[in-house]
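J.: Here is a sequence together with a model predicted from it:
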Amino acid sequence: MSKSVSIAVIGAGKWGQALQFALSFTLTCKITSRHIKPIENFVSLEEALKCEYLIFALPAQVVRGWLEAHFTFSGQKILVAAKGIEQGSGSFLNEIFAHYVPEDHLSFLSGPSFASEVMKGLPTAVVINSSNETLSKEFAAFFPSFIKTYTSKDVIGAEVCGAYKNVLAIASGICDGLKLGNNARASLIARGLVEMRRFGKYFGAHDETFLGLSGAGDLFLTASSTLSRNYRVGLFLAEGKKLETILEELGEVAEGVFTSAAIFELSTKHTIYTPIAHEIALILKGKEPRISVKDLLSD
Ligand SMILES: NC(=O)c1ccc[n+]([C@@H]2O[C@H](COP(=O)([O-])OP(=O)(O)OC[C@H]3O[C@@H](n4cnc5c(N)ncnc54)[C@H](O)[C@@H]3O)[C@@H](O)[C@H]2O)c1
Ligand SMILES: O=P(O)(O)OC[C@H](O)CO
């Protein structure tokens, strides 16, 4: 891979830094963020925005405001690495980016990928999703050999899976925090997969996406490991901790908190049956987790 490819990661949180680390095996990858960080190839935002390829690793909830404040399209090719649905508007990230970037310059990253494991060079497999297959293949070629890349055209499927699994990971954390057992967690994850497929199908997602890396792959990972911030939010909620305290102590983004509200709004608006996400949204507003479990079992 030519070291002359100009590429930058926007956002130097956990995921942005892990992606820069991974891509640095094949090319010189710059990184920028709102606060200067002592990272090799850290550049100003102005310099990053001049790159031909940009990877967005900002939390989903800040993407719209960030684009409005900082971004002017000048031919950049973009890979969106965030996983979430915007609370309030219920907008998917591809809808938000579409206001600023032509569709054929946009791609979306999905699949099982804890930043901490990528940072150790441990193997995984991810998917680059875009209506423009040439663009997907260009980004796929930038990844190092320890990350196997697949391509897909199912942008909405990948987006729904990446966002929904965070909500289901909170549910799984609650289930384990309440010590409901392995049977209960497996039941929850399986029903969660059915639920996220039902939700995704409404928006045009393809069936096979839910069975692959973006769907089952990322869901199984996130809903069964304390490495997941969303799963840990669930564990602490089950212990009776206040959401505010949990998020403060976490110090990193847990997208499922916001996405559960977005799913609640979207499924109410479009009459989609999403019982697990519904209960998570209620728990995050203060409902007692044990009552939610009872309600889910009797539903
Ligand atoms: N960490 C992972 O393992 C992982 C893996 C795959 C996808 N993701 C997704 O990537 C996204 C980012 O996650 P992360 O792990 O890097 O989170 P993080 O909390 O570690 O970092 C978020 C970064 O965004 C920056 N930020 C927050 N608000 C901002 C704003 N208004 N303007 C500019 N910068 C702002 C913060 O300073 C921070 O550096 C999320 O959507 C997450 O779901 C994370
Ligand atoms: O730590 P989480 O819960 O944000 O999950 C991180 C990644 O999305 C896993 O693929």
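T.: Thanks, I have the structure now. Since we're looking at a predicted model, the values are computed, not measured. Ligands and ions are numbered 1, 2, ... in the order given.

J.: the strands in the stretch 101-250 of the chain, which residues?
T.: For the stretch 101-250 of the chain, strands defined by DSSP state E, counting those that start in this stretch occupy the ranges 106-110, 124-129, 147-152.

J.: Quickly run through the sheet partners of the first one, with directions.
T.: According to DSSP bridges, strand 106-110 has the following sheet partners: strand 77-80 (parallel), strand 124-129 (antiparallel).

J.: circling back: most tightly packed of the strands of the stretch 101-250 of the chain?
T.: Highest mean neighbour count of the strands of the stretch 101-250 of the chain: strand 106-110, a mean of 28 (counted as mean count of other C-beta atoms under 10 Å). For glycine as for every other residue, the C-beta is placed from the backbone atoms N, C-alpha and C.

J.: returning to what we had before: same list (the strands paired with strand 106-110) but as TSV, adding distance to ligand 1 and mean pLDDT.
T.: Below are these laid out as TSV (distance: least, C-beta to the nearest ligand atom, whole Å; pLDDT from 0 to 100):
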stretch	distance to ligand 1	mean pLDDT
strand 77-80	9	98
strand 124-129	9	98
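
J.: Tell me the residues of the chain that contact ligand 2?
T.: Counting by C-beta under 6 Å from any ligand atom, the residues of the chain close to ligand 2 are 83, 112-114, 166, 169, 218, 221-222, 228-230.

J.: Inside helices: which ones of those residues?
T.: 166, 169, 218, 221-222, 229-230 (DSSP state H).

J.: which ones are touching the residue in the stretch 1-150 of the chain that ligand 1 sits nearest to?
T.: The stretch 1-150 of the chain approaches ligand 1 most closely through residue 13 (1.7 Å), counting by C-beta to the nearest ligand atom. Shown in contact with residue 13 (C-beta atoms under 8 Å, 6 or more residues apart in numbering): 33, 57-59, 252-253.

J.: Which of these sits closest to residue 269?
T.: residue 59 (23.4 Å; C-beta to C-beta).

J.: Confirm for me that that closest one is in contact with residue 86.
T.: No: judged on C-beta atoms under 8 Å, residue 59 makes no contact with residue 86 at a distance of 10.4 Å.

J.: neighbour-wise, which of these two wins?
T.: Set side by side, residue 59 and residue 86 show more neighbours around residue 86, with 21 against 18, by other C-beta atoms under 10 Å.

J.: Identify the residues contacting residue 278.
T.: Here residue 278 is in contact with 264, 267 (criterion: C-beta under 8 Å, 6+ apart).

J.: any idea which element it lies in?
T.: Following DSSP states H and E, one finds residue 278 within helix 275-284.

J.: so how far is that helix from its chain's centroid?
T.: 19 Å (C-alpha atoms, centre = their mean, to the nearest Å).

J.: quick one, phi/psi of the residue of the stretch 1-150 of the chain closest to ligand 1?
T.: The phi and psi values for residue 13, taken as degrees, to the nearest 10, are phi -80, psi -160.

J.: Just say helix, strand or coil for the nearest residue to residue 202 once chain neighbours are set aside.
T.: Spatial nearest neighbour of residue 202, chain neighbours left out: residue 272 (5.2 Å); criterion: C-beta to C-beta, 6 or more residues apart in numbering. Three-state call for residue 272 (DSSP: H, G, I helix; E, B strand; the rest coil): coil.

J.: Distance-wise, check the most centrally placed residue in the chain relative to residue 113.
T.: Central residue of the chain (C-alpha atoms, centre = their mean): residue 83, 1.9 Å from the mean position. Look at residue 83 and residue 113: by C-beta to C-beta, to the nearest Å, they are 10 Å apart.

J.: Specify the local secondary structure of residue 37.
T.: coil.

J.: Look at residue 189 and say how many residues are nearby.
T.: 22.

J.: And for the one 10 residues further on?
T.: When neighbours are defined as other C-beta under 10 Å, residue 199 has 22 of them.

J.: again, but for residue 15
T.: For residue 15, the number of neighbouring residues by other C-beta under 10 Å comes to 24.

J.: Quickly find the element holding it.
T.: Assigned by DSSP H and E, residue 15 falls within helix 14-23.

J.: now the angle from that helix to strand 147-152?
T.: Taking axes from the mean of the first three to the mean of the last three C-alpha atoms, to 10 degrees, one finds helix 14-23 and strand 147-152 inclined to each other by 110 degrees.
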